[in-house]
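Undergrad: how does the following fold in three dimensions:
(one chain, ligands or ions: 1)
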Amino acid sequence: MKLAFALLASFALCAVAFAAEPDWPRVEQHATELLQHYVQIASVNPPANTAQAAEFLAHEFAAYGLEAKLFKPDASGKTNLLLRLPGRDRTKRPLLLLNHMDVVPADPSRWKQDPFSALIEGNTMWGRGTLDMKSTAIMQLTALTLLKQLGIVPPRDILFLADCDEETGGALGAGWMIANHWSELNPEYVLDEGAPGSRDLYTSGKLVFGISVADKQVLWLRVRAQGTSGHGSQPIPDNANDILLSAIERAKAFPPSNKPDALVANMRAQLGEFASNKFMNAIQQNTMSLTSLRSGVGNPPKSNVIPSIAEATLDCRLLPGQNAEEFLSEIKARINDPRVTVEELSSKPDDPQPSRTDTPLYRALVSAIEREQPGATVLPVIVPYGTDGQKFRMKGVAAYGLIPMAVDAATLATMHSDSEHIPLDQFRKGLHIYFDILRSES
Ligand SMILES: [Zn+2]
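TA: Numbering: from 1, shown residues only. This is a model prediction of the structure:
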């Protein structure tokens, strides 16, 4: 009798364990179709009208009995979506899955495919937002709906926040939610976009997955030169264009950061020689990109008129812990020309402490990646771009950024470009990794 009971009990346990395994081929197929539909919603920023994207996600969650709350910070269609899956211990602060619904614009004339068709060719899905970051959002959504579907109650509440305007700084997205609805968030951890896995991005010939624990600081500057206008036939020394060009040249000769970065030093210790590419170059030093030039009189600008004003914008990115004010004074001192002004376009850069890695969630990320990507080296990194996770680090939250797919440096470089794409086999692996993270998170 006892034996029969034990057998029955163990059979029941097996049945539970069996029931807790997703039907992966079906899940992968469904997630791929969802991603296609999601990319087809052109949630371009500006104007960051994410109403349709939010409805789409809310509708999918509703199919699993999960009710999303929509927030509209203004009347322009900008929409944030928040959803909560209750956990076992409601006293624990939640894990927040963070993603942005907006994408940068795409010029269809520069694309081989329609950027919003989400065309699949072999192992590739093309389209704006495939990398940044609708694929990760669908991984997060799928992991969450799987928990619900399989009846797995996580140890703590899990939140899903899809925001509207990350690509223009996040003021009405993550920033607005933090400022106006903090009590509904208050997470212990955030999982956001961040660093990818790659065999050639960090170092050559070694599969490495970065988990970003820090972003570089964002400092946008406008440089404005004032000169004298006149006839193009007679060159003058105070031509605003010439003044601007030489000011930019002097600004760009700023010294590299002299403060060694602990995260970069740790990466070097673990990886040895770094690969040579723009990503690795950018995470090792303060950088400056000339991103726009504006000048000329008339539209189109006249070729024979010397303008009195010329302007440029510079996108500067500083390593964590570098003093932005000192950096700016250094730039001004180098330009050293009373005819040139340098103005800050961005607000004071966020410079939080990098997120700690001695947490159970960080360990869960490492194990989930190692299980799905055997032999991978997983380590904390800095990313050169800014993410919404940084806003949560400012609140003392441990925010980790990952793109749980192995992509080569060339594919990663298609982010924001006219050939953005992802490898679908890696998207499928990412689905497994995210589910594994949520299932094991304690
Ligand atoms: Zn992004």
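
Undergrad: sec struct for residue 131, please.
TA: helix (DSSP: H, G, I helix; E, B strand; the rest coil).

Undergrad: please name the nearest non-neighbouring residue to it.
TA: Spatial nearest neighbour of residue 131, chain neighbours left out: residue 415 (4.8 Å); criterion: C-beta to C-beta, 6 or more residues apart in numbering. In short, each C-beta sits where N, CA and C put it, glycine included.

Undergrad: pretty sure the one you found sits in a strand.
TA: No: Residue 415: not assigned to a strand; according to three-state DSSP it is coil.

Undergrad: got the buried residues for the helix or strand hosting residue 437?
TA: In this structure, residue 437 is located in helix 424-440 according to DSSP states H and E. By neighbour count on 16 or more other C-beta atoms under 10 Å, the buried set for helix 424-440 is 424, 426-440.

Undergrad: mind giving me the packing neighbours of that helix?
TA: helix 24-40, strand 124-126, helix 135-150, helix 360-372, strand 398-406 (3 or more C-beta pairs under 8 Å, 6 or more residues apart in numbering; DSSP states H and E).

Undergrad: related to what we said a few turns ago, and the buried residues of helix 424-440, which is closest to the ion?
TA: The ion has its nearest neighbour among the buried residues of helix 424-440 in residue 430, at 15.0 Å by C-beta to the ion.

Undergrad: tally of neighbours for the spatially closest residue to that closest one that is not a sequence neighbour?
TA: Leaving aside its chain neighbours, residue 430 sits nearest to residue 404 (4.1 Å; criterion: C-beta to C-beta, 6+ apart). Applying other C-beta atoms under 10 Å, we find 29 other residues in the vicinity of residue 404.

Undergrad: residue 404 and residue 142 touch, don't they?
TA: No: applying C-beta atoms under 8 Å as the test, residue 404 and residue 142 come out as separate, 11.9 Å apart.

Undergrad: coming back round to it: against residue 372, how distant is the residue nearest to residue 430?
TA: 8 Å (C-beta to C-beta, to the nearest Å).

Undergrad: who touches both of those two?
TA: 429, 433 (C-beta atoms under 8 Å, 6 or more residues apart in numbering).

Undergrad: what are the buried residues along stretch 71-83?
TA: 71, 73, 76, 78-83.

Undergrad: ditto for stretch 362-371
TA: 362, 364-366, 368-369.

Undergrad: again with stretch 98-117
TA: In stretch 98-117, counting by 16+ other C-beta under 10 Å, buried: 98-104, 106, 111, 113, 115-116.

Undergrad: and for stretch 283-291?
TA: Under 16+ other C-beta under 10 Å, the buried positions of stretch 283-291 are 283-288.

Undergrad: what is the nearest of the residues you listed to residue 26?
TA: residue 283 (39.1 Å; C-beta to C-beta).

Undergrad: with distance to the ion and mean pLDDT added, can I get the helices and strands packed on helix 424-440 in JSON lines?
TA: As requested, those are exported to JSON lines (distance: least, C-beta to the ion, whole Å; pLDDT from 0 to 100):
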{"stretch": "helix 24-40", "distance to the ion": "14", "mean pLDDT": "98"}
{"stretch": "strand 124-126", "distance to the ion": "17", "mean pLDDT": "98"}
{"stretch": "helix 135-150", "distance to the ion": "9", "mean pLDDT": "98"}
{"stretch": "helix 360-372", "distance to the ion": "19", "mean pLDDT": "97"}
{"stretch": "strand 398-406", "distance to the ion": "9", "mean pLDDT": "98"}
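
Undergrad: so which of those is the most surrounded?
TA: With neighbours defined as mean count of other C-beta atoms under 10 Å, the helices and strands packed on helix 424-440 peak in mean count at strand 398-406, which reaches a mean of 26.

Undergrad: angle of that one against helix 135-150?
TA: When axes from the mean of the first three to the mean of the last three C-alpha atoms, to 10 degrees is applied, the directions of strand 398-406 and helix 135-150 differ by 100 degrees.

Undergrad: in the stretch 201-350 of the chain, which residue sits nearest the ion?
TA: residue 215 (11.2 Å).

Undergrad: for that residue, give the beta-bridge partners.
TA: residue 383 (DSSP bridges).

Undergrad: try residue 161
TA: Under the criterion used (DSSP bridges), residue 161 bridges to residue 82, residue 98.

Undergrad: which residues does it contact?
TA: 80-83, 96-99, 174, 177, 185.

Undergrad: now for those: which two are most distant?
TA: Farthest pair in the contacts of residue 161, by C-beta to C-beta: 83 and 174, 15.2 Å.

Undergrad: report the residue ranges of every domain in this protein.
TA: Structural domains assigned to the chain are 19-215+351-440, 217-344, following automatic domain parsing.

Undergrad: around the ion, which positions in the stretch 151-300 of the chain sit nearby?
TA: Proximity of the stretch 151-300 of the chain to the ion, by C-beta under 5 Å from the ion, involves residues residue 193.

Undergrad: follow-up on the earlier one: which one of the buried residues of stretch 98-117 sits closest to residue 234?
TA: residue 104 (42.6 Å).

Undergrad: could I get the contacting residues of the closest one?
TA: 44-45, 128, 132, 167, 416 are the contacts of residue 104 under C-beta under 8 Å, 6+ apart.

Undergrad: need the nearest residue in space to residue 194, chain neighbours excluded.
TA: residue 401 is the one closest to residue 194 (C-beta to C-beta, 6+ apart), at 1.7 Å.

Undergrad: contacts for stretch 284-292 next, please.
TA: 216, 248, 251-252, 254, 256-257, 261, 264, 274, 281, 311-319, 322, 327, 384.

Undergrad: strands - which of these land there?
TA: Mapping those onto strands (DSSP state E) picks out 311-318.

Undergrad: may I see those residues organised as JSON lines, with pLDDT, distance to residue 388 and neighbour count added?
TA: Output for the ones in strands among the contacts of stretch 284-292, formatted as JSON lines (pLDDT from 0 to 100; distance: C-beta to C-beta, whole Å; neighbours: other C-beta atoms under 10 Å):
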{"residue": "311", "pLDDT": "98", "distance to residue 388": "29", "neighbour count": "18"}
{"residue": "312", "pLDDT": "98", "distance to residue 388": "28", "neighbour count": "20"}
{"residue": "313", "pLDDT": "97", "distance to residue 388": "22", "neighbour count": "16"}
{"residue": "314", "pLDDT": "97", "distance to residue 388": "23", "neighbour count": "20"}
{"residue": "315", "pLDDT": "95", "distance to residue 388": "18", "neighbour count": "16"}
{"residue": "316", "pLDDT": "95", "distance to residue 388": "20", "neighbour count": "23"}
{"residue": "317", "pLDDT": "95", "distance to residue 388": "16", "neighbour count": "22"}
{"residue": "318", "pLDDT": "94", "distance to residue 388": "19", "neighbour count": "22"}
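
Undergrad: which one of these is nearest residue 207?
TA: residue 317 (26.7 Å).
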